[in-house]
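**Student:** take this sequence and fold it.
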Amino acid sequence: MNDIFVLFGNFLAALPTYLLNGIFFTAYWLIDCAPAFLSFGCAALIMGFVDQNIQNRAAFRPGRGGREVVNPDPHTAQWMTGIILLLWLISQWNMGAPVPWIGAAMWIFGMAVLLINRAQESTILWNVKSGIAIYALAVIGSRLYLSYTAQLSAEQWAALIGSAESAASVISNTRGNVTTIILWALGLVIPLGYFAMLLQQLLINPMSLANPLTGVNELIERYRVRR
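**Tutor:** Numbering: from 1, shown residues only. Now for the predicted structure:
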């Protein structure tokens with residue numbers, strides 16, 4: 001009986017440690033998966049607010065007598081967003097920083113530009129999706145290349161190059177150069193091109209000097225009325 005009380009007392013004494021470890025484990029897991037969660041949240045917002053709006057306009061057909069004819073909605077825009085999200089989640093799975101966070105930033109910035117600039121919604125939406133898809137494919141291609149070249153041995157190339165020593169040197173130099181190019185492309189070149197493209201589309205219309213907070217749609221409507 002005393003042993004049961006001792007075990008129970010030891011359990012109560014260790015319980016705060018178990019709870020603290022559980023909290024830390026959950027926090028580390030959430031931080032590790034935060035880019036995926038952020039990307040998923042942005043994709044859900046795009047599907048709910050932007051894709052649906054564009055899909056409704058695409059399915060709308062004016063009828064006779066002012067009646068509205070709505071064709072069956074195939075949800076093409078939502079399906080495209082879902083496929084690109086899945087492609088991105090697969091590409092960044094188990095990959096270390098900063099690539100997952102760069103992709104999450106691309107989703108966040110793309111969603112923000114879409115919500116701010118509604119005048120060019122279709123064009124911006126296409127650029128957001130295509131930009132993220134290109135980045136995801138670049139990540140997948142780089143991972144496949146690095147995984148394949150890691151399995152190559154100098155002996156496999158010795159018959160083509162001449163000797164195992166020469167083959168090892170060539171493989172090492174080539175892999176190092178290509179890896180450097182991949183790091184520059186994934187960490188800087190492709191993301192900067194994406195952000196610059198969306199920023200240019202965000203700033204394509206001039207700011208109203210009379211009311212700086214005027215929306216783009218309002219601004220365009222004023223220009224049309226003046227003309």
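**Student:** with adjacent residues omitted, what lies nearest to Phe40?
**Tutor:** Spatial nearest neighbour of Phe40, excluding adjacent residues (Cβ to Cβ, 6 or more residues apart in numbering): Leu85 at 6.6 Å. Backbone N, C-alpha and C define where each C-beta goes, glycine included.
**Student:** got a list of what that neighbour touches?
**Tutor:** Ser39, Phe40, Ala43 (Cβ atoms under 8 Å, 6 or more residues apart in numbering).
**Student:** try 10 Å
**Tutor:** Going by Cβ atoms under 10 Å, 6 or more residues apart in numbering, Leu85 touches 36, 39-40, 42-44, 46-47, 107, 129, 132-133, 136.
**Student:** now do the strands in the protein.
**Tutor:** Assigned by DSSP state E, the strands in the chain fall at 60-62, 68-70.
**Student:** looking at these, which one has the lowest mean pLDDT?
**Tutor:** Lowest mean pLDDT of the strands of the chain: strand 68-70, a mean of 52.
**Student:** show me the helices in the protein, by range?
**Tutor:** With DSSP state H as the criterion, the chain has helices at 2-45, 52-59, 76-91, 99-116, 121-150, 154-161, 164-184, 190-202, 216-226.
**Student:** dump these to JSON lines, plus mean pLDDT.
**Tutor:** What follows is these, written out as JSON lines (pLDDT from 0 to 100):
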{"stretch": "helix 2-45", "mean pLDDT": "76"}
{"stretch": "helix 52-59", "mean pLDDT": "73"}
{"stretch": "helix 76-91", "mean pLDDT": "92"}
{"stretch": "helix 99-116", "mean pLDDT": "92"}
{"stretch": "helix 121-150", "mean pLDDT": "89"}
{"stretch": "helix 154-161", "mean pLDDT": "56"}
{"stretch": "helix 164-184", "mean pLDDT": "72"}
{"stretch": "helix 190-202", "mean pLDDT": "91"}
{"stretch": "helix 216-226", "mean pLDDT": "49"}
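**Student:** grab the nearest non-local neighbour of Val128.
**Tutor:** Excluding the flanking residues, the one nearest Val128 by Cβ to Cβ, 6+ apart is Gly110, at 3.6 Å.
**Student:** likewise for Ala34?
**Tutor:** Using Cβ to Cβ, 6+ apart and skipping the chain neighbours, the partner closest in space to Ala34 is Ala104 (7.4 Å).
**Student:** surely the one you found touches Gly41?
**Tutor:** Yes: with contact defined as Cβ atoms under 10 Å, Ala104 reaches Gly41; the gap is 9.5 Å.
**Student:** more neighbours: which of the two?
**Tutor:** Ala104 (21 against 14; other Cβ atoms under 10 Å).
**Student:** good, wrapping up.
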